[in-house]
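[1] sequence first, predicted coordinates after that:
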Amino acid sequence: MPSLQLDPSTGTVTLTNGRLELTIETRPSYNPSRLRDLQSGRAFADSDYVWSDWEPAALIEPPVLTTRPDGTGTAAFKLRKGGLALEQTFSLPGGEPNVIVEVIQILNPGQHAVDTSLFACGFGKLVQEGTRWLADAAGTRLCEVPYRHHPESGALRDFTIAELLQSESWYSPMRSPRYRKRQSTAYGSEAWAWYGPDTVLLVSKYNSDAMEWSVIEKTKRQAAGVEQTLLRFGGAAGWKLGDPDGAANLAPGVGFTFGETRYSLLAGGWQAGYADFRADMDRKGHSLPADYNPPVHWNELYDNPYWWVVARDPWHVDRPERRAELYGLADMQVEIDKAHEIGCECFYMDPGWDTDFGSTLWDEARLGRQVDFVKRLKEQYGMVLALHTPLAPWSNHASYPLETRQMESDGQRRDDLCVASSQYIEIKVERLRELCRNGAHFLMYDGSWYERPCYDPSHGHGVPSARQDHVDAILKIAQGVHAAHPEVVIEQHDPITGPGTPRYTPTYFMHGKPGAFDELWGFEYMLNALEDLHSRRAFSLYDYNLAYSLPVYLHFDLRTDNANAVGFWWFASTCRHLGFGGRHADPRVWAAHKQAMLVYLANKRFFTQGVFYGLDELAHGHTLPDLGACVINCFNLEAEPVERTLRFKLGEVGLPAGQPAVVGAASEVEAGLVTLRLAVPAMGHQLVKLSL
């Protein structure tokens, strides 16, 4: 049961929830100074509270301690920091032992705007005195959640504290290589799993209304003539390009509430932290829809010469005569036949189906009526229709009125569309609704990047427009479509970086709001399956599945796969919504893909609805508890065949005690311990099924 205690003689407040204890001094100054595990004695915070200017906040009212009927306890502290009024609240959820939730609000009570872009605060962990690393810091590790493998580089983001402080901290604010690798003095992630040797503290940040991250930053101070190095964690801080931008400057009387920071203490290693993060995201609504059963897509792009002509320079090569030559009904029929042969359930049309790039107007002159196209797909091939529908940043401005274009600060129009323009939103929503009325099942919100602000006061956004205006506009477009067509599936690329492997916003951001997108994009691992596996970039999809059950969609190029269909099975295992295209030139590989598709469809529910369990990066479990069954994908990414013994308890793949039947590998099951003996081909895959 959570406990809140105030010692009137010292003013010390002690908050306890299970094993997790927080100590807050209020005299002589306000100081949340100690966060520790009562069972092991391990201290996560052990120094004075760290403010960005090193000046403590002043407590202006006695702390307010309350307990609700459900047992949840809350301690609220009203503070003053320079010209800002603050409130810091710590809650101890009654139904969640070993959890503390923190929320910080800031307010400008003055008569003038205040620059708060450098505001930051958090717990302090002393890690180094002079050049000496302290023992309790040296024995722990920190890993990023949900991307332990970096989506852009494949590098492992799992560090000792010394490695973290000495490594490169960077992020990508845009897809373009010109803007990649912005250096940062802070390290940000949606959450951090701080683990070792047998306990993990998950420190996660969640804000559904503004872009925010769990930030760790190195700070230094002098104490008794010795330089001390501390980690500041938790609390609140801006990161990347200054997000959350609503907290960067406060007008008179305006405040900002930072997202909650959740401190969760668990037994186990980083994997336990990931499991707790996924459970929390599920509770917050970022989960798998009931009876999820997405159709497998065939993408015409990969074998269509139109794409390979225009992809290098779509603005100059994408002309009506090119579309007429390479993207007509006959061209689509070639691809529909391939889709039908391999057993796909949906035909996905990438750039080229509309009248102009991003116009979102079906080109009836080349393709006939959309309703007729959809009807033929359904009646003759049993397929539905999916469409690439890029947003304003990746659209030809000529297909929209002049007033939808961006404006410079001097009032001059650019040839770029403004996604946050109310006029653009209205037109785009109506065009998308028309596509849905005529049978579109799936829409891809590609081309969503933010590049520069717009200064048009008639657009209905802030002047200049901010990143928050941009993402809010994309949400409005999804909501406008879903209001009329809730059944249509909307996939959302990152709303700041757009297409590409970089993610700027938190993964969950925008999702869960009424009418928001349904699925995420699989980090652009669409062009070279084997290279994305060799580089370990695609391992980020494994990490993602440990942290989220929110569906990911990806289509990839079968022509870059091998005769073992290792790429097919990797993406089938890590993307709940599978798509592909491109017939391999080697008939053996095409035959392997058709055989893989037969096996996949026979086991599709495991991959689309199953609970994902990671035995390791190369052994993925997919369990259907109602069937008491699990399939395990085992991979070998080496150049030679491997023989492997895989041992795990039934509970590690979500199965109850019993004696399962095992198909696909030599096996032994004794006292709930499963031993699989596998012979996996070079750059290959083996599927094993367990049934109780």
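    Arrived safely.

[2] helix or strand with the lowest mean pLDDT in the chain?
    helix 314-317 (a mean of 54; mean pLDDT, DSSP states H and E).

[3] okay, and for the chain, where does confidence drop off?
    Scanning the chain with the threshold set as pLDDT under 70 gives 176-179, 308-317.

[4] now the element after the strand of greatest length in it, going C-ward?
    The longest strand of the chain (DSSP state E) is strand 226-237. Remark: after strand 226-237, the chain's next helix or strand is strand 249-250, criterion DSSP states H and E.

[5] distance from the chain centre to that next one, please.
    Computed by Cα atoms, centre = their mean, to the nearest Å, the chain-centroid distance of strand 249-250 equals 28 Å.

[6] partners of it in the sheet?
    Looking at strand 249-250 with DSSP bridges, its partner strands are strand 114-115 (antiparallel).

[7] re earlier: following the least confident helix or strand of the chain, which helix or strand shows up next?
    helix 320-326.

[8] who are the packing partners of that next one?
    helix 305-310 (3 or more Cβ pairs under 8 Å, 6 or more residues apart in numbering; DSSP states H and E). No exception for glycine: its C-beta is placed from N, CA and C like everyone else's.

[9] again, 10 Å this time
    Applying 3 or more Cβ pairs under 10 Å, 6 or more residues apart in numbering; DSSP states H and E, we find helix 320-326 packed against helix 305-310, helix 364-367.

[10] and residue 217, how far is that from residue 187?
    Separation of residue 217 from residue 187 (Cβ to Cβ, to the nearest Å): 7 Å.

[11] how about the helices in the stretch 101-250 of the chain?
    Counting by DSSP state H, counting those that start in this stretch, the stretch 101-250 of the chain has helices at residues 135-138, 161-166.

[12] and of these, who's closest to residue 46?
    Among these, helix 135-138 comes nearest to residue 46, with 8.3 Å by Cβ to Cβ.

[13] sorry, back to before: make JSON lines out of the helices and strands packed on helix 320-326 and add distance to residue 521 and mean neighbour count.
    Converted to JSON lines, the helices and strands packed on helix 320-326 look like this (distance: least, Cβ to Cβ, whole Å; neighbours: other Cβ atoms under 10 Å):
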{"stretch": "helix 305-310", "distance to residue 521": "18", "mean neighbour count": "17"}
{"stretch": "helix 364-367", "distance to residue 521": "25", "mean neighbour count": "15"}
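
[14] make CSV from the ones you listed and add distance to residue 91 to it.
    Formatted as CSV, the helices and strands packed on helix 320-326 follow (distance: least, Cβ to Cβ, whole Å):
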stretch, distance to residue 91
helix 305-310, 52
helix 364-367, 56
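
[15] from the helices of the stretch 101-250 of the chain, which stretch is densest packed?
    Burial of the helices of the stretch 101-250 of the chain is given as mean neighbour count (mean count of other Cβ atoms under 10 Å); helix 161-166 ranks first at a mean of 16.

[16] and stretch 568-586, how far from the chain's centre?
    The answer for stretch 568-586 is 21 Å, by Cα atoms, centre = their mean.

[17] dump the C-alpha coordinates for that stretch into CSV.
    C-alpha atoms of stretch 568-586 as CSV (Å, rounded to 0.1, in the frame of the first residue of the first chain):
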residue,chain,number,x,y,z
PHE,A,568,10.3,-12.2,-46.0
TRP,A,569,10.3,-14.0,-42.7
TRP,A,570,12.0,-11.3,-40.8
PHE,A,571,9.5,-8.6,-41.8
ALA,A,572,6.6,-11.1,-41.4
SER,A,573,7.9,-11.6,-37.8
THR,A,574,8.4,-8.0,-36.9
CYS,A,575,5.7,-6.1,-38.9
ARG,A,576,2.1,-7.1,-38.1
HIS,A,577,1.0,-5.6,-41.4
LEU,A,578,3.0,-7.2,-44.2
GLY,A,579,3.5,-5.9,-47.7
PHE,A,580,6.0,-6.5,-50.5
GLY,A,581,6.4,-6.4,-54.3
GLY,A,582,9.0,-7.1,-57.0
ARG,A,583,9.2,-10.5,-58.6
HIS,A,584,12.8,-11.9,-58.1
ALA,A,585,14.6,-12.7,-61.4
ASP,A,586,15.7,-16.1,-60.0
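
[18] list the buried ones in that stretch?
    By neighbour count on 16 or more other Cβ atoms under 10 Å, the buried set for stretch 568-586 is 568-584.

[19] still on that earlier bit, how about the longest strand of the chain: buried residues?
    228, 229, 230, 231, 232, 233, 234, 235, 236, 237.

[20] widest-spaced pair of the residues you listed?
    228 and 236 (22.5 Å).

[21] distance of residue 145 relative to residue 193?
    Using Cβ to Cβ, residue 145 is found at 6 Å from residue 193.

[22] could you name every residue contacting both of these two?
    Common neighbours of residue 145 and residue 193, using Cβ atoms under 10 Å, 6 or more residues apart in numbering, are 202, 203, 204, 270, 273, 274, 276, 277, 547.

[23] mind checking how far the second one is from residue 144?
    Looking back up the chat, that one is residue 203. Applying Cβ to Cβ, the value for residue 203 to residue 144 is 11 Å.

[24] which residues do these two both contact?
    189, 191, 192, 193, 214, 216.

[25] out of the residues you listed, who's nearest residue 18?
    Proximity of those to residue 18 (Cβ to Cβ) peaks at residue 193, which lies at 18.2 Å.

[26] give me the neighbour count for that closest one.
    As a burial measure, residue 193 scores 29 neighbours (other Cβ atoms under 10 Å).

[27] ok, it touching residue 278?
    No - look at residue 193 against residue 278 with Cβ atoms under 10 Å: they stay out of range, at 12.0 Å.

[28] touching both of these two, which residues are there?
    In contact with both residue 193 and residue 278: 145, 547, using Cβ under 10 Å, 6+ apart.

[29] so residue 663 sits right up against residue 631, yeah?
    Yes - using Cβ under 10 Å, residue 663 makes contact with residue 631 at a distance of 9.5 Å.

[30] who has more neighbours, these two?
    Neighbour tally, residue 663 and residue 631, criterion other Cβ under 10 Å: the higher count belongs to residue 631, 24 against 12.
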